[in-house]
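J.: Would you be able to build a 3D model of this:
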Amino acid sequence: MRWAVLEVARRLVERGLLARPDHVFFLEPQEVRQALLDAADVRELTTRRRGEHRWALENPGPGTYGERPGPPPPMDQLPSEVRETMGAFQWTMQQMNGSAPAPRDGDAHRVSGVPGGAGRYTGIARVVLSEAEFDKIRSGDVLVCPITSPVWSVVFPSIGALVTDTGGALSHEAIIAREYGVPAALATENGTRVLADGMLVTVDGIAGTVEIMER
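T.: Residues are numbered from 1 along each chain as shown. Model prediction:
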């Protein structure tokens, strides 16, 4: 289906109705059809949509709203079968989402998280906030990012270590890091804010910590 849409986009570009073929993915299906059949010029529309998309990426908003709900209620009053099922579900979610330890007072040279991939590695930190910044990554860099998704798998062969703001032992980043043998510290909560491009850092994937060697 993607190839078919790109062929439509190619024809729209030839007719001067679309600036670039990949801009077609900022249109709704009915808008693509209208452009193809009725010669509707969609260049202005796609320009506006691309701007809205960039704004949304640059302004993600807070991670949560309102007060934190606190720990889940006790399950003592539930039947034993339900307690076992809910306990297993709760454990799985904790392993996927992770929970960073409380920061230690006065520790300005260390970022703490949870272990994600065994090993220890020293390299240059590279803060990457979205897929649009993949071109910043150099071979051997310590990738520092909010979270990863399957799209990020392409960069794992190039990096020396991984640091994320979120995640846990069963999260995507932990699984891929272990597959590639990349040391990883996850769920640091503030890794992308404390660490900066060019810092020399040491990632300890067993302890889940990042030590700043040179700023």
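J.: shaky segments in this structure?
T.: Filtered on pLDDT under 70, the chain yields the residue ranges 63, 94, 96-107.
J.: Sheet-wise, list the partners of the biggest strand by length in it with their directions.
T.: Of all the segments of type strand in the chain, defined by DSSP state E, the longest one is strand 120-127. Paired neighbours of strand 120-127 in the sheet (DSSP bridges): strand 142-145 (parallel), strand 200-204 (antiparallel).
J.: Return the alpha-carbon coordinates of the helix or strand just after the shortest one using CSV.
T.: Taking DSSP states H and E as the definition, the helix or strand that follows strand 142-145 towards the C-terminus is strand 161-164. Only the C-alpha atoms of strand 161-164 are listed here, as CSV (Å, rounded to 0.1, in the frame of the first residue of the first chain):
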residue,chain,number,x,y,z
ALA,A,161,26.1,2.2,25.3
LEU,A,162,22.6,3.4,25.9
VAL,A,163,21.0,5.7,28.5
THR,A,164,17.2,6.4,28.6
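J.: Counting by contacts, list what the helix or strand just after strand 161-164 packs against.
T.: Per DSSP H and E, the first helix or strand lying C-terminal to strand 161-164 is helix 172-180. For helix 172-180, the elements it packs on are strand 114-117, strand 161-164, strand 184-186, judged by 3 or more C-beta pairs under 8 Å, 6 or more residues apart in numbering; DSSP states H and E. For every residue, glycine as well, the C-beta is placed using N, CA and C.
J.: related to what we said a few turns ago, with respect to burial, which of the strands paired with strand 120-127 scores highest?
T.: Most buried of these, by mean neighbour count (mean count of other C-beta atoms under 10 Å): strand 142-145, with a mean of 27.
J.: Not counting that one itself, show me its contacts.
T.: Residues outside strand 142-145 that contact it (C-beta atoms under 8 Å, 6 or more residues apart in numbering): 121, 123-129, 137, 152, 155, 159-165, 191-192, 195, 201, 203, 210.
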